[in-house]
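Asker: Next come a sequence and a model predicted from it.
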Amino acid sequence: MKQFLITFPNILSLLRFFLGFGLFVIAWLDKEMIFLGVLIFAFFLDLVDGPIARWTHQTSEFGSWLDSLADFSVYIAFIVGACWLWPEIILRELLYVCLLAFSIVLPVLLGYIKYRRATSYHTWLVKFAVACMAPSSLILFFGGPAWPFQIASIISVFAGLEEIIITTVLDKPRSNVRSIVHIIKEQRRI
C-alpha cells in the first residue's frame, strides 16, 4: 500500500485535530451552542474521512495514525469542554463520564507504554461506540434523557477493553484491526 501524506482524508483528519483545540477555546469562552455546533461538525468529519480514504484508495498507516490523533484531540476536548460548560450535568453523570474518559485514555496510554506510539486500531466496536456516543452526548447536553449517554459510555468501556486486549496480544502495532476475534483467527492460522 502506497503511503500518502497530503490527501483529502488526511486534511479532514488534520482539520479535526485542530478542531479539538478550537473546542477548548470555545468552551473556555463559555459558548455552549458554538461548542455543540463545532462538535457536531467534528463528529461529521470523523464519520466521512475513513470512507473517503477507502473510496479514493488513499488509505495509509500515516492516515490511520492521524485519524486516531484527531479522535483523541476531539474526544478529550469534548470531555474537558463539557466539564466547563455543563458542570451540573457532568457531576450528575460523573461515573459515566469517568468511564468514557478511561475508555479513551487507557488504551492510548497502554499503546504508548508497549509500542512507544499511539495505536490506531479503528475496531468495529470503537466505531459503534462513537456512533452511539455522538448523538447520545448531544441529546444529553441539549437537555434530553441521560440513559442513552450512559449506555454509550458502557459500550465505550467495552470498546476500550477490546483495544487493551488487542494491544496485549499483538507483538507490534497495527492499524485498522477489525476486532480481537479477527486477531485470534489470524493467530490460529499461523
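Answerer: Arrived safely.

Asker: Quick one: low-confidence residue ranges for the chain.
Answerer: 1-4, 190 (pLDDT under 70).

Asker: now with 90?
Answerer: Applying pLDDT under 90 to the chain flags residues 1-6, 47, 49-51, 53-54, 57-65, 68, 117-120, 122, 173-176, 186-190.

Asker: Can you give me the domain assignment for it?
Answerer: Listed by automatic domain parsing, the domain ranges of the chain are 1-85, 93-190.

Asker: Now render these as TSV, adding mean neighbour count.
Answerer: Every residue, glycine included, has its C-beta placed from N, CA and C. As requested, the domains of the chain are arranged in TSV below (neighbours: other CB atoms under 10 Å):
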stretch	mean neighbour count
domain 1-85	18
domain 93-190	17
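
Asker: got the phi/psi numbers for the closest residue to residue 58 other than its chain neighbours?
Answerer: Among residues not flanking residue 58 along the chain, residue 7 sits closest, at 4.2 Å (CB to CB, 6 or more residues apart in numbering). Dihedral pair for residue 7: phi -130, psi 160, per degrees, to the nearest 10.

Asker: List the contacts of residue 7.
Answerer: For residue 7, the contacting residues are 53, 56, 58, 60, 63, by CB atoms under 8 Å, 6 or more residues apart in numbering.

Asker: which ones among those residues are found in helices?
Answerer: Counting by DSSP state H, the part of the contacts of residue 7 found in helices is 53, 63.

Asker: for the host helix or strand of residue 105, packing partners?
Answerer: Using DSSP states H and E, residue 105 maps to helix 94-115. In terms of contacts (3 or more CB pairs under 8 Å, 6 or more residues apart in numbering; DSSP states H and E), helix 94-115 is packed against helix 61-85, helix 147-169.

Asker: Dump the last one to PDB, keeping only the CA atoms.
Answerer: Provided in PDB are the C-alpha atoms of helix 147-169 (Å, rounded to 0.1, in the frame of the first residue of the first chain):
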ATOM      1  CA  TRP A 147     -29.800   6.900  29.700                       C
ATOM      2  CA  PRO A 148     -28.500   7.000  26.000                       C
ATOM      3  CA  PHE A 149     -25.300   8.600  27.200                       C
ATOM      4  CA  GLN A 150     -25.000   6.000  30.000                       C
ATOM      5  CA  ILE A 151     -25.400   3.100  27.600                       C
ATOM      6  CA  ALA A 152     -22.900   4.700  25.100                       C
ATOM      7  CA  SER A 153     -20.400   5.100  27.900                       C
ATOM      8  CA  ILE A 154     -20.700   1.400  28.800                       C
ATOM      9  CA  ILE A 155     -20.300   0.500  25.100                       C
ATOM     10  CA  SER A 156     -17.200   2.700  25.100                       C
ATOM     11  CA  VAL A 157     -15.800   0.800  28.000                       C
ATOM     12  CA  PHE A 158     -16.100  -2.500  26.100                       C
ATOM     13  CA  ALA A 159     -14.500  -0.900  23.100                       C
ATOM     14  CA  GLY A 160     -11.600   0.400  25.200                       C
ATOM     15  CA  LEU A 161     -11.200  -3.000  26.800                       C
ATOM     16  CA  GLU A 162     -11.100  -4.700  23.400                       C
ATOM     17  CA  GLU A 163      -8.300  -2.200  22.300                       C
ATOM     18  CA  ILE A 164      -6.400  -3.000  25.500                       C
ATOM     19  CA  ILE A 165      -6.700  -6.800  24.800                       C
ATOM     20  CA  ILE A 166      -5.600  -6.300  21.200                       C
ATOM     21  CA  THR A 167      -2.500  -4.300  22.500                       C
ATOM     22  CA  THR A 168      -1.600  -7.100  24.900                       C
ATOM     23  CA  VAL A 169      -2.000  -9.800  22.200                       C
END
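
Asker: Perfect, that will be all.
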